[in-house]
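>>> quick one, what's the 3D model for this:
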Amino acid sequence: MTSLFLLAQATHTEIGWLSRKLLGVTLTSAEWVLWLLVILSVLSIALMLERAVYFATHRLPDSELLALKLARGEFDAVRTAIQGKKGMEAAVIREGLDSTAQGPDTVEQVIASTVARERPQYERYLSFLGTLGNNAPFIGLFGTVLGIIKAFHDLGATNVKGAAIQQTVMAGISEALVATAVGLAVAIPAVVAFNAFNRQLKTITSRTNALGFALVGSLRAEGRKVPSAGEGK
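Below you'll find the predicted structure:
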């Protein structure tokens, strides 16, 4: 605080050319920081809702039951159960069953390929939420610093004494701290959503792997090739 006060007072004496230019830039209004945070907040909320809908519509609620059916070799029943279903779990089962005629080793490779293809669809926009959660407080802090610099500059530019000095400084600092509060308000929901979606993705991936293991294990245990959908028995 003292250094900022001295910097403001120095504008009336002698300061370097670079310091004068930088001070001129920082004395602009910090309201643009608040608008930036508001825009980022609206964008993050929209992405949270989009991801929540995507995760809810791209999962199998009865994957444990389907894994049991796959382990028992009830492939036709599983095919019927996943008709019209979307998501990583359904895609792994569908493409795995379509490849059973080529043997368990091929099915295992197809499952790994399908998981690698489907996973990025779940990870979409999560990096934005993680980045926003980590950096929004710093954006708010930047606005606070700009506000404090302006408050001390205004204090040095006015002839006030006693209680008026305290009122001028406190009013400016309280307004500047709003940017930090807004930055935290934007960051906290983004971090919570980022962690929640990552946890759901890990759960879906684990359930997908369990389905794949059940299918491959059933094929290897029975030592047979099962005709894929559309092929004759």
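>>> give me the neighbour count for Ala112.
Other residues near Ala112 come to 13 when the count uses other Cβ atoms under 10 Å. Yep, even glycine has a C-beta here, placed from its N, CA and C like the rest.
>>> list the buried residues for the helix or strand it falls within?
For Ala112, the host element (DSSP states H and E) is helix 104-123. Within helix 104-123, the residues scored as buried using 16 or more other Cβ atoms under 10 Å are 104, 106-108, 110-111, 114-115, 118, 122.
>>> helix or strand right after the helix or strand encompassing Leu66?
Leu66 belongs to helix 63-72 when assigned by DSSP H and E. Tracing the chain past helix 63-72, the next element assigned as helix or strand by DSSP H and E is helix 75-81.
>>> can I get the buried residues of helix 104-123 in CSV with pLDDT and distance to Glu175?
Output for the buried residues of helix 104-123, formatted as CSV (pLDDT from 0 to 100; distance: Cβ to Cβ, whole Å):
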residue, pLDDT, distance to Glu175
Pro104, 88, 67
Thr106, 91, 66
Val107, 91, 64
Glu108, 91, 62
Val110, 93, 60
Ile111, 93, 58
Thr114, 93, 54
Val115, 94, 51
Glu118, 93, 48
Tyr122, 95, 42
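>>> tell me the contacts of the residue nearest to Arg207 when sequence neighbours are not counted?
Nearest non-adjacent residue to Arg207, counting by Cβ to Cβ, 6 or more residues apart in numbering: Ser63, 4.6 Å away. Contact analysis of Ser63 by Cβ atoms under 8 Å, 6 or more residues apart in numbering lists 89, 207-208, 210-211.
>>> counting neighbours, which of the residues you listed comes out on top?
Busiest of the contacts of Ser63 [other Cβ under 10 Å] is Glu89, holding 29 neighbours.
>>> residues touching that one, list them.
By Cβ under 8 Å, 6+ apart, the contact set of Glu89 is 59-60, 63, 204, 207-208, 211.
>>> looking at these, which is nearest Gly217?
Leu211 (10.7 Å; Cβ to Cβ).
>>> now do the contacts for that closest one.
Contacts were defined as Cβ under 8 Å, 6+ apart; by that measure Leu211 touches 63, 66-67, 70, 89, 92-93, 96.
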